[in-house]
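*Asks:* generate a structure from the sequence data that follows.
(one chain, ligands or ions: 2)
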Amino acid sequence: MTNDTNVHWHEHSVSREKREELMGHKGCVIWFTGLSGCGKSTIANLVDHKLHERGIHSFVLDGDNVRHGLNAGPGMLKDKHSEEFAKRFGLGFSAEDREENIRRIGAVAELFNSAGIVTLTAFISPYRQDRDRARDLVGEGNFIEVLVDAPLEVCESRDPKGLYKKARAGEIKGFTGIDDPYEAPTAPELVLKSGDKDAETLAEEVIAYLIENKKISG
Ligand SMILES: Nc1ncnc2c1ncn2[C@@H]1O[C@H](COP(=O)(O)OP(=O)(O)O)[C@@H](O)[C@H]1O
Ligand SMILES: [Mg+2]
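*Replies:* Ligands and ions are numbered 1, 2, ... in the order given. As a prediction, the model looks like this:
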């Protein structure tokens, strides 16, 4: 690859196939999307647990955790040196920052995927275009978009972190579903009805999908 940045892709000496052979399964990205409180983290972690019990290498990339590290904004990092960088490169919740948040997560998910890990991401990821970019990066067939679908009223009544309350009070601006849009996927690989069914049942639906689509063996 040639470009004018002098940054070149270093080809892995261990091929993806060799890596998958060692793992005993392929990597993929299971991209959960949905309103705050719809159950992304809960379900992703249940699926992670079930995969682990089956001897599958999996990992959850979760919204808040990534915002505490990789994408941490000002005021979130302890040492002064890192804080300076967080001021320059940290991310907030503006449309532009949300886009960059998802771009970085997509890139990290793709690295995990190419390492052969079943990667679960649990981010609101409200904008269709951002998710589609992640899909393009990971590649069709390896990207499983999962809409965690519960009505806003249900998510708001759960309000596990008290965020809806703050958004309604005007203490948080640009909150998805309240004063910022959520663009639902038009053709997700899977829809989980988290307003009707319990998390355990929905996690089993994800496992069944992975078996049916030969991502893992039954
Ligand atoms: N069917 C369900 N699926 C997922 N979570 C559920 C379900 N029913 C109730 N809950 C509860 O709703 C909350 C969802 O929170 P969380 O998983 O953090 O959502 P998100 O990560 O999408 O913001 C949790 O407190 C969970 O126990
Ligand atoms: Mg969450």
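*Asks:* and the protein, which residues reach ligand 1?
*Replies:* For the chain, the contact set with ligand 1 under CB under 6 Å from any ligand atom comprises 34, 36-43, 122, 158, 160, 194, 197-199, 202. The way it works is simple: take the backbone N, C-alpha and C, and place the C-beta from them, glycine included.
*Asks:* which element is the spatially most central residue of the chain on?
*Replies:* Nearest residue to the geometric centre of the chain (CA atoms, centre = their mean): residue 121, 2.4 Å. Residue 121 is located in strand 118-122, with elements delineated by DSSP states H and E.
*Asks:* report the inter-axis angle for the next helix or strand along the chain from that strand versus strand 118-122.
*Replies:* Under the assignment DSSP H and E, the closest C-terminal helix or strand after strand 118-122 is helix 128-138. Between helix 128-138 and strand 118-122, the angle comes out at 170 degrees (axes from the mean of the first three to the mean of the last three CA atoms, to 10 degrees).
*Asks:* buried sites along helix 128-138?
*Replies:* For helix 128-138, a neighbour-count test (16 or more other CB atoms under 10 Å) marks 130, 131, 134, 135, 137, 138 as buried.
*Asks:* just checking, what packs against that helix?
*Replies:* Applying 3 or more CB pairs under 8 Å, 6 or more residues apart in numbering; DSSP states H and E, one finds that helix 128-138 contacts strand 28-33, helix 95-114, strand 143-149.
*Asks:* relative to helix 128-138, how tilted is the last one?
*Replies:* Spelled out, it's strand 143-149. Counting by the same axes, to 10 degrees, strand 143-149 points 150 degrees away from the direction of helix 128-138.
*Asks:* give the pairing partners of strand 143-149; include direction for each.
*Replies:* Note on strand 143-149: by DSSP bridges, its sheet partners are strand 28-33 (parallel), strand 190-193 (parallel).
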